[in-house]
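no FASTA, just this:
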């Protein structure tokens, strides 16, 4: 397994859970699934495999997840730039639907192609784009809210 | 002709217009350049005309920019290595054996087998003898105390037997109310005292002037000591009883042997160190013995033929076997 896959899977669960312990546990499981599937069929597209393995583990964990109560620290190994405000993401992670959240992470954060996402989930590319459109609108409104608040504070 | 049929009908102005709903839904596709030329133009027209559409478009752009900024978050090499490396031998084993994919029944069976194996191993390896000994020793603290008493008594018996050479006649009970100096002063029967006791206090007993008064004093003293002993020991444990009595008879020399015979006839047995009916002084005989409780009333009746017997039942730490009672009866010559 290559470095990019490990990074992608770890980051997926970081953004999806915003919980160090759960993210590490889920990452280990997803990597195991990824390796298993890869060993079965080496012709599998890596991006598709990432989508499949992460989605499989996500479905196991997401019901236990208490969204809106992030538990993230840099000690766990996440490198978060100091000037990056993850507040809007926290809000988005709390309010977005599962489809919207996962679509944004895969497509816009991990830069997995829409085709691979569609293939991994067994849905059409149009559906993926539709989810992305809605998700970005939500994320944008949250990011705009934060920036408006910041501007007001400065004034 | 066929091309004309396949074309989407346009408006009167020859334009392909979109509704606000469709326009909003096509904004992301427009931004991603996924629309054909006609659609693109239609969305552009809609976007130019609708303020809501412009706001929505701005939101999508902001969202997209924010998501791109999120890419700055990365994973440290340490965490990457930690995730890439298998966590433990067990996890590797599970991974290799594909334990997750096993049938549920097989998994449960295997788990049950492991549990049984652990239990059997424990039962085999556990030091049961030590555990049993430990438990017994913990449970029988009180019993050990009793055994100590018995063994000390047995030792005493053995010492007496060794000293006298008559194991069969070894005394079971201490003659209460008889002082050591008294024993020495009077002719002691061969079965009685131990050698060291004899040497202990070689004080001559004063010769009694009036026999009755001496006997009375001795018995009084004996009673005092006995009552002291009783009061001390009764605090600790009061288990059994001792029948203590006295009787004044006429012609003790003749009556004494009769009483002895009767006691033996009733199944009585000597209980102290001295012989039954031991004549302490010429006018005083001492009977320390045990008899079946059922014969007690008969004995009382017999004694009443010779005088008025005063017998009291006192508490005593020594517990007698069921159906057996112990008596100390002082028989003295009646005053004339």
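Right, received. Where do you want to start? What you are looking at is a predicted structure, and each value in this text was computed from that prediction instead of being measured.

Check the gap between the residue of chain B found nearest chain A and residue A:28 for me.
Chain A sits closest to residue B:79 of chain B, with a gap of 2.7 Å, by C-beta to the nearest C-beta. Quick note: C-beta positions are derived from backbone N, CA and C, even for glycine. As for residue B:79, its distance to residue A:28 is 11 Å (criterion: C-beta to C-beta, to the nearest Å).

Ok, residue A:71 next?
17 Å.

Now do the strands in the stretch 51-200 of chain B.
B:74-75 (DSSP state E, counting those that start in this stretch).

Flag every residue of it that's near chain A.
B:56, B:58-76, B:78-80, B:82-84, B:87, B:95, B:98 (C-beta under 8 Å from any C-beta of the partner chain).

Name only those of those residues that count as buried.
Buried residues within those, defined by neighbour count using 16 or more other C-beta atoms under 10 Å in any protein chain shown: B:56, B:59-60, B:62-64, B:66-67, B:69-70, B:73-75, B:79-80, B:82-84.

Keep only those of those that are in helices.
With DSSP state H as the criterion, helices contain B:56, B:59-60, B:62-64, B:66-67, B:69, B:79-80, B:82-84 from among these.

quick check, nearest of those residues to residue A:79?
Closest approach to residue A:79 among these (C-beta to C-beta): residue B:79, at 8.9 Å.

isn't that closest one right up against residue A:78?
Yes: contact criterion C-beta atoms under 8 Å: residue B:79 and residue A:78 qualify, at 7.5 Å.

Who are the contact partners of the residue of chain B closest to chain A?
A:10, A:24, A:76, A:77, A:78 (C-beta atoms under 8 Å, 6 or more residues apart in numbering or on different chains).

Likewise for residue B:255?
Neighbouring residues of residue B:255 by C-beta under 8 Å, 6+ apart: B:249, B:306, B:331.

If we use 10 Å, what do you get?
B:247, B:249, B:277, B:285, B:303, B:305, B:306, B:307, B:331, B:333, B:334 (C-beta atoms under 10 Å, 6 or more residues apart in numbering or on different chains).

and stretch A:14-22, which residues are buried?
Buried-residue list, stretch A:14-22, by 16+ other C-beta under 10 Å: A:14, A:15, A:16, A:17, A:18, A:19, A:20, A:22.

hang on, I meant stretch B:44-58
Buried residues in stretch B:44-58, defined by neighbour count with 16+ other C-beta under 10 Å: B:46, B:47, B:53, B:56, B:57.

Find the nearest non-adjacent residue to the last one, please.
I take that to be residue B:57. Among residues not flanking residue B:57 along the chain, residue B:27 sits closest, at 5.3 Å (C-beta to C-beta, 6 or more residues apart in numbering or on different chains).

how long is stretch A:92-103 end to end?
Its first and final residues considered, stretch A:92-103 spans 12 Å by C-alpha to C-alpha, to the nearest Å.

So for that stretch, mean pLDDT?
Averaging pLDDT along stretch A:92-103 gives 92.

what's the distance between it and the middle of its chain?
9 Å (C-alpha atoms, centre = their mean, to the nearest Å).

cool, stretch A:54-73 as well?
In terms of C-alpha atoms, centre = their mean, the centre of stretch A:54-73 is found 10 Å from the chain centre.

count of neighbours near the residue nearest to residue B:278 when sequence neighbours are not counted?
Spatial nearest neighbour of residue B:278, excluding adjacent residues (C-beta to C-beta, 6+ apart): residue B:286 at 4.8 Å. Neighbourhood size, residue B:286 [other C-beta atoms under 10 Å in any protein chain shown]: 25.

what packs against the helix or strand hosting residue B:286?
Element membership for residue B:286, per DSSP states H and E: strand B:284-292. Judged by 3 or more C-beta pairs under 10 Å, 6 or more residues apart in numbering or on different chains; DSSP states H and E, strand B:284-292 is in contact with helix B:211-236, strand B:240-249, helix B:252-265, strand B:269-270, strand B:278-281, helix B:296-304, strand B:324-333.

Same question for it: list its buried residues.
Neighbour-count burial for strand B:284-292 [16+ other C-beta under 10 Å]: B:284, B:285, B:286, B:287, B:288, B:289, B:290, B:291.

Break down chain A into its helices, ranges please.
According to DSSP H, chain A carries its helices in the segments A:3-17, A:20-40, A:46-61, A:87-95, A:98-104, A:114-121, A:125-154.

wait, isn't residue B:313 in contact with residue B:328?
No: the criterion here is C-beta atoms under 10 Å, and residue B:313 misses it with residue B:328 at 11.8 Å.

Quickly list what's touching both of the two.
Residues touching both residue B:313 and residue B:328 (C-beta under 10 Å, 6+ apart) are B:242, B:243, B:244, B:245.

Now do the same contact list for the closest residue to the last one other than its chain neighbours.
Excluding its sequence neighbours, the residue lying closest to residue B:245 (C-beta to C-beta, 6+ apart) is residue B:311, at 3.2 Å. The neighbourhood of residue B:311, defined by C-beta under 10 Å, 6+ apart, consists of B:243, B:244, B:245, B:246, B:247, B:296, B:299, B:300, B:303, B:327, B:328, B:329.

And for residue B:269?
B:172, B:263, B:276, B:289, B:290, B:291, B:324, B:326.

just residue A:122 next, same as before
So residue A:122 contacts residue A:52 (C-beta under 10 Å, 6+ apart).

Now do the same contact list for residue B:56.
Residues counted as contacts of residue B:56 (C-beta under 10 Å, 6+ apart) are A:133, A:137, A:140, A:141, B:20, B:23, B:24, B:25, B:27, B:28, B:47, B:50.

Same question for residue A:66.
Residues in contact with residue A:66 (C-beta under 10 Å, 6+ apart) are A:17, A:19, A:22, A:94.

If we use 7 Å, what do you get?
Counting by C-beta atoms under 7 Å, 6 or more residues apart in numbering or on different chains, residue A:66 makes contact with nothing.

same check, this time on residue B:296
residue B:325.

Looks like residue B:80 contacts residue A:3 (just checking).
Yes: between residue B:80 and residue A:3 there is a contact at 6.5 Å, judged by C-beta atoms under 7 Å.

By neighbour count, which of the contacts of residue B:56 wins?
With neighbours defined as other C-beta under 10 Å, the most crowded of these is residue A:140; it has 25 neighbours.

Give me the spatial nearest neighbour of that residue, chain neighbours excluded.
Of all residues not flanking residue A:140 in the chain, residue B:63 sits nearest, at 3.1 Å (C-beta to C-beta, 6+ apart).

Thanks a lot, see you next time.
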